[in-house]
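> generate coordinates for the sequence data below:
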Amino acid sequence: MNIYVLLKKTFDTEDKIVINNGEIDEGDAEFIINPYDEYAVEEAIIQRDKHGGEVTVVTIGDEDSESQLRTALAMGADKAVLINIEDDLEDGDQFTTTKILEAFFEGKEPDLILAGNVAIDEASGQVGPRLAERLDIPYVTTIVGLEMDGETVHIEKDVEGDVEKIEVNLPLLVTCQQGLNEPRYPSLPGIMKAKRKPLEELEIDDLDLEEDELEPKTETVNRFLPAEKSAGRILEGEMDDQVKELISLLKNEAKVL
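Residues are numbered from 1 along each chain as shown. Below is the predicted model:
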């Protein structure tokens, strides 16, 4: 079984993000595997161990993206592919990413493609469904359960606090949601093995793409952090006095009454 995982390098949102002149300052930023993609990597490994085959993780990025690929290899993926666009593209969007991935999958015969439900940096959730449309294969988003029986796949899909059960055939693309599994931590033996696993590096030219084919369809006008919230206020005194003060604040300051 040919299993592929779409992986993205994202900022670690546990760290402070600094924005200068509408651009994120990457100087002191820490980068990680997009957390939703970790569920995809874990599920790919689980399904490979059950049904055989191999897991290939694919990312579009720069030289530094190798670190995230090596982490996925240490988790248990078999191979990795870095499509390095650092010297070829200044900007891109979901259209750009999908176009590159479509070219990468040309001539390949994936049985199962897994991706994160969204990336925590832009949270568009578009790349998976767009790619499935371009490859002309079915897709299911926000999955929290996956069982395969031959060519038939039984899916549990998160739908706003409930679960929808879907039956679909391979080949298939799914996007993974929290609750699907618990991603493993790379073990020391896994980290050592990852250094010897194949990591292929490609560029745009290797995919027979021209830069003008990849021009983004959207434009980012500005980036900014949300405004800081003012500190809360603690009401003191007897309960009756607190209620009166609360009503006064809602009326005169918040103006919601």
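
> now do the end-to-end distance for stretch 172-183.
21 Å (Cα to Cα, to the nearest Å).

> give me the contacts around that stretch.
Contacting residues not belonging to stretch 172-183 are listed as 36-43, 46, 75, 111-118, 125, 128-129, 131-132, 135, 137-146, 153, 155, 158 [Cβ atoms under 8 Å, 6 or more residues apart in numbering]. C-beta coordinates here come from the backbone N, C-alpha and C atoms, glycine included.

> what are the pairing partners of the strand ranked longest in the chain, and which direction each?
For the chain, the longest strand by residue count, based on DSSP state E, is strand 139-149. Next to strand 139-149 in the sheet, as set by DSSP bridges, lie strand 152-159 (antiparallel), strand 172-176 (parallel).

> so which of the ones you listed is the most surrounded?
strand 172-176 (a mean of 25; mean count of other Cβ atoms under 10 Å).

> now residue 166: which helix or strand?
Assigned by DSSP states H and E, residue 166 belongs to strand 162-169.

> check residue 43 too.
Applying DSSP H and E, one finds residue 43 within helix 35-51.

> next SSE after that helix?
Next along the chain after helix 35-51, taking DSSP H and E as the criterion, comes strand 54-61.

> in its sheet, what does that following strand sit against?
Applying DSSP bridges, strand 54-61 is found paired with strand 2-7 (parallel), strand 79-84 (parallel).

> all helices for the stretch 151-257 of the chain, in order.
Ranges of helices within the stretch 151-257 of the chain are 188-194, 239-252, based on DSSP state H, counting those that start in this stretch.
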